[in-house]
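1. Starting from these lines, generate the structure:
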Amino acid sequence: MIGKLIAGWVGSKIDRRDGEGGAVGAAVGVATWEVAKRVVPAAFVLGAGAVGAAYLKRKLTTEHGPDTGLGA
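-> Coordinates of the predicted model:
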């Protein structure tokens, strides 16, 4: 709730710079906050998965050598 208030206030302040008003800016600020609450954690999860996959790939190829396909 406090996040929505802050986002609305910031959006309103940004929209008032053009001298017309702040209602649209407040709505855009709140909408941006709602989207960011869902996108940022998802980006962290996807980024951590990519880093983990790269780490495991590097770890497996350096420990056991590259796969030659000869079954040795």
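2. can you give me the helices for the protein?
-> Assigned by DSSP state H, the helices in the chain fall at 2-16, 23-64.
3. Going by mean pLDDT, which of these comes out lowest?
-> Ranked by mean pLDDT, the helices of the chain end with helix 2-16 at the bottom, a mean of 81.
4. List the buried residues for that helix?
-> 7-8, 10-12, 15 (16 or more other CB atoms under 10 Å). Placement of C-beta: from N, CA and C, glycine included.
5. which residues touch the closest residue in space to Gly21 that isn't next to it in sequence?
-> Distances taken as CB to CB, 6 or more residues apart in numbering place Asp15 nearest to Gly21, at 6.7 Å, with adjacent residues excluded. By CB atoms under 8 Å, 6 or more residues apart in numbering, Asp15 lies in contact with 21-26, 28.
6. try 7 Å
-> 21-22, 24-25 (CB atoms under 7 Å, 6 or more residues apart in numbering).
7. Which one of the residues you listed sits in the busiest neighbourhood?
-> Highest neighbour count within the contacts of Asp15: Gly25, with 21 neighbours (other CB atoms under 10 Å).
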